[in-house]
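Engineer: let's see this in three dimensions:
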Amino acid sequence: MASNPAPAAEYLRKSTEHQKYSIENQSAAIRDYAERQGFVIVRTYADPAKSGLSLRQRPGLQQLLKDVAGGEQEYRAILVYDVSRWGRFQDTDEAAHYEFVCKEAGIPVHYCAEVFANDRSLPSSIMKALKRAMAGEYSRELGVKVVEGQKRMAARGFKQGGFPGYGFRRMLISADGERRQVLERGQRKSLATDRVILVPGPRHEVQTVREIFRKFTTESMSLKDIARDLNRRGVPSPEGKAWGHSVIAHVLRHPKYIGWNVFNRNTQRLGSASRPLPKSEWVLCPGAHEPLVDEKTFALAQQMIDGWTIVKKDEELLQALRLLLAEKGMLSARIIDEAPDAPCARTYWYRFGSLRRAEELVGYDWLEGRRRGTNAEALEQLRSILRVDGVLSAKIIDKAGRGLFSQRLKRRFGKLSRAYELIGYDWRANLTRARTRSCES
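Structural biologist: Alright, predicted model coming up:
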């Protein structure tokens, strides 16, 4: 060891992979390297039990980079156990970038357990690039293996991590099925051979779950009304927060309340954002634990929810519009609103940005539809309305129910009074009668 050892910092990261990567083992190997290479450790940065997939969840490495960029650090080198401890970034350029930041500040990174020296030589650069790619690939392969193992256990009815959910608790069981204890929040199993299943939780939670299903299916209460009633009565909610319609919807939708173990409803691979998976990819195990509601009640709740417009897909809404178009031959807000089996026009406006856009998506030329027929046909329809009502006004025309609307006449003839003139109707002379007739209708 040199008489005047150079100051260095050590960076330690422990995930959950293997004992050789424990914080203690890494530090021991790094300090042995420091003694042989003439360094003395003056600062330690650590990320215990942290994934190496991203910088976002690694405060230790974030602080290291911040100190390096600030230029006030007392060390002249950074010692890391190996390339994988620096990170298993899925983009190898990201790992190289963070190392470059340190090198640019005059503080090189040393990989203490690697067989190559990080000396900027071509062989060293090639080996680092290869090791970084291998580290990222290891995470991808490990993720696939872990998920496949979880799927097998879930298919046998065992709970695979996560919270039990309102109305349930986690029960630890041995390999031979003997119940050991209820796990409190934050507790984990200690033996690899042990498993976890769901069991009914406190009595008041079980009763609340059944009450939610009853109010929804039998009393036809809305989700908001159910939540409002529970909050008014001070019923304790999940996480200690107020009840909301989304919490009620989750209870009504989840198959665990009829005793099914469910896994793989969402995916969040390699640090990506969580996204829902189609039901075809769910892992389901019926009869995995004791249900809180019967299957008939649960099925009725699903049927009622599936009937909501808000849960229908865009294609389902458009198909209803196609059927209506085939039946009526044309589309308008009034036709849509009066159809008993179709969502209202405002629903299409919210979902597709405008009613015209929805009409275009089902192949309906809304402009041509509003101009259909000749001027003579439109005027003949107007005469027919006049013969029945004796007077004309925009309100009378719109209420006649003959497929003719005042706005359409305005677009066709420029103004409504021009259409009146063309059929010989003196609207000025009949203005008072028309107003009286409009009020009566």
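Engineer: could you report the neighbour count for Phe39?
Structural biologist: Residues near Phe39, counting by other Cβ atoms under 10 Å, number 25. (Each C-beta comes from the backbone N, C-alpha and C, glycine too.)
Engineer: so which bits of the biggest helix by length in the chain are buried?
Structural biologist: Identified as the longest helix of the chain according to DSSP state H is helix 122-155. Using 16 or more other Cβ atoms under 10 Å as the test for burial, helix 122-155 gives Met127, Lys128, Lys131, Arg132, Ala135, Gly136, Ser139, Val147, Gln150, Met153, Ala154.
Engineer: give the next helix or strand downstream of it.
Structural biologist: Next helix or strand after helix 122-155 toward the C-terminus (DSSP states H and E): strand 168-173.
Engineer: any idea which helix or strand comes after that following strand?
Structural biologist: Toward the C-terminal end, the helix or strand that comes next after strand 168-173 (DSSP H and E) is strand 179-183.
Engineer: quick check: mean pLDDT of that following strand?
Structural biologist: In this model, strand 179-183 has a mean pLDDT of 89.
Engineer: and if you look at stretch 288-305?
Structural biologist: Rounded mean pLDDT across stretch 288-305 is 93.
Engineer: in that stretch, what counts as buried?
Structural biologist: Neighbour-count burial for stretch 288-305 flags Ala288, His289, Pro291, Leu292, Val293, Thr297, Phe298, Ala301 (criterion: 16+ other Cβ under 10 Å).
Engineer: so where do the helices sit in the stretch 1-150 of the chain?
Structural biologist: Under the criterion DSSP state H, counting those that start in this stretch, the stretch 1-150 of the chain carries helices at the ranges 23-37, 59-70, 83-86, 92-104, 122-155.
Engineer: which residues are contacting the fourth one?
Structural biologist: For helix 92-104, the external contacting residues (Cβ atoms under 8 Å, 6 or more residues apart in numbering) are 55, 61, 65, 68-69, 78, 83, 86-87, 89, 108-109, 128-129, 132-133, 135-136.
Engineer: what residues sit buried inside that helix?
Structural biologist: Neighbour-count burial for helix 92-104, with 16+ other Cβ under 10 Å as criterion, is recorded at Thr92, Glu94, Ala95, Ala96, Tyr98, Glu99, Cys102, Lys103.
Engineer: excluding chain neighbours, what is closest to the residue most central in space within the chain?
Structural biologist: Using Cα atoms, centre = their mean, the residue of the chain that lies closest to the mean C-alpha position is Arg275, 5.0 Å off. In space, and not counting its chain neighbours, Arg275 is closest to Thr267: 6.1 Å by Cβ to Cβ, 6 or more residues apart in numbering.
Engineer: how about Leu230?
Structural biologist: Using Cβ to Cβ, 6+ apart, the closest residue to Leu230 is Trp243 (4.5 Å).
Engineer: poorly predicted segments of this protein, please.
Structural biologist: 1-3, 16-21, 49-52, 142-143, 268-274, 366-373, 401-403, 440-441 (pLDDT under 70).
Engineer: tell me who's in contact with Gln160.
Structural biologist: Counting by Cβ under 8 Å, 6+ apart, Gln160 touches Gln150, Met153, Ala154, Phe263.
Engineer: ok, which pair from the residues you listed is furthest apart?
Structural biologist: Spanning the widest gap among the contacts of Gln160 are Met153 and Phe263, at 8.3 Å by Cβ to Cβ.
Engineer: who touches Tyr257 in this structure?
Structural biologist: The contact partners of Tyr257, taken as Cβ under 8 Å, 6+ apart, are Gly167, Val209, Phe213, Val251, Pro291, Leu292, Val293, Phe298.
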